[in-house]
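Asks: Pasting the sequence and the predicted coordinates here, then a few questions.
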Amino acid sequence: IDKMFSDIAKSRFNTVFLHVRPNSDAFYYSGIFPHTSYLTGEQGKDPGYDALETACVTAKKYGLKIHAWVNPFRVSGDTDFSVLSEANPAVGMLKDESKENDSWVWQLKNGIYYNPTIPEIHSLIIDGIEEIIKNYDVDGIHIDDYFYPTDDESVDKEQYNEYLAKGGRLPLDEW
């Protein structure tokens with residue numbers, strides 16, 4: 001990190017966008033999301049250091065601003081739940097006794113995602129962002145992957161019908 005940030009500063013850039021939550025995991029110590037597998041090869045395994053804290057301190061050392069970049073809805077680019085940590089919120093939703101929250105996580109051909117139509121998922125994402133802001137000296141937050149991972153209308157049909165029943169008027173593709 002020191003070498004990268006030194007090179008960035010020498011190249012006269014002033015801001016680093018750091019991908020701190022590429023999936024439903026974290027490059028920092030989180031009370032919500034497990035450690036990312038990108039640091040250790042296994043999701044949930046403690047790397048023994050706080051990559052985001054190290055990056056924040058190093059960014060300030062070189063006069064750089066640091067922005068935390070999160071993917072809010074992607075749980076995994078893999079479709080295999082077995083690669084996820086037991087501490088992953090998505091795993092908890094599917095393994096708890098409640099069947100109500102089973103539709104909050106989608107297993108699709110291109111990965112596993114949180115259902116973006118669910119208010120409780122919005123709260124999870126917001127809580128995760130608040131955690132970063134509270135615990136780290138970041139200069140900004142960026143939310144990426146703000147798209148639906150599928151155009152299969154059956155995936156969120158129940159939530160869309162609920163939206164319509166409450167007076168919603170947008171066609172499905174706009175909703």
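Replies: Everything's here; your move.
Asks: all helices for the protein, in order.
Replies: Ranges of helices in the chain, per DSSP state H, are 2-10, 37-40, 51-61, 89-95, 119-135, 157-165.
Asks: Determine the set of other helices and strands touching the fifth one.
Replies: I take that to be helix 119-135. Secondary structure elements in contact with helix 119-135, counted by 3 or more CB pairs under 8 Å, 6 or more residues apart in numbering; DSSP states H and E, are strand 65-70, strand 111-114, strand 140-143. Using the backbone N, CA and C atoms, a C-beta is placed for each residue, glycine as well.
Asks: Neighbours of the closest residue to residue 26 other than its chain neighbours, how many?
Replies: In this structure, residue 26 finds its nearest non-sequential neighbour in residue 33, 4.3 Å apart by CB to CB, 6 or more residues apart in numbering. Per other CB atoms under 10 Å, the neighbour tally for residue 33 reads 27.
Asks: just checking, residue 33 touches residue 24?
Replies: Yes - taking CB atoms under 8 Å as the contact criterion, residue 33 and residue 24 are neighbours in contact, 5.9 Å apart.
Asks: need the contact list for residue 121.
Replies: Shown here is residue 121, whose contacts under the criterion CB atoms under 8 Å, 6 or more residues apart in numbering are 73, 104, 114-115.
Asks: Please repeat the previous calculation with a cut-off of 10 Å.
Replies: Taking CB atoms under 10 Å, 6 or more residues apart in numbering as the criterion, residue 121 is in contact with 72-73, 89-90, 93, 101, 104-105, 113-115.
Asks: ok, now how distant is residue 92 from residue 130?
Replies: Note on residue 92: its distance to residue 130, by CB to CB, to the nearest Å, is 19 Å.
Asks: Please tell me the pLDDT value assigned to residue 48.
Replies: As predicted, residue 48 sits at a pLDDT of 98.
Asks: And it, its phi and psi?
Replies: As for residue 48, its main-chain torsions (degrees, to the nearest 10) stand at phi 90, psi 0.
Asks: low-scoring stretches of the chain, by residue?
Replies: With pLDDT under 70 as the threshold, the chain has low-confidence stretches at 145-147.
Asks: so residue 138 sits right up against residue 132, yeah?
Replies: Yes - between residue 138 and residue 132 there is a contact at 6.2 Å, judged by CB atoms under 10 Å.
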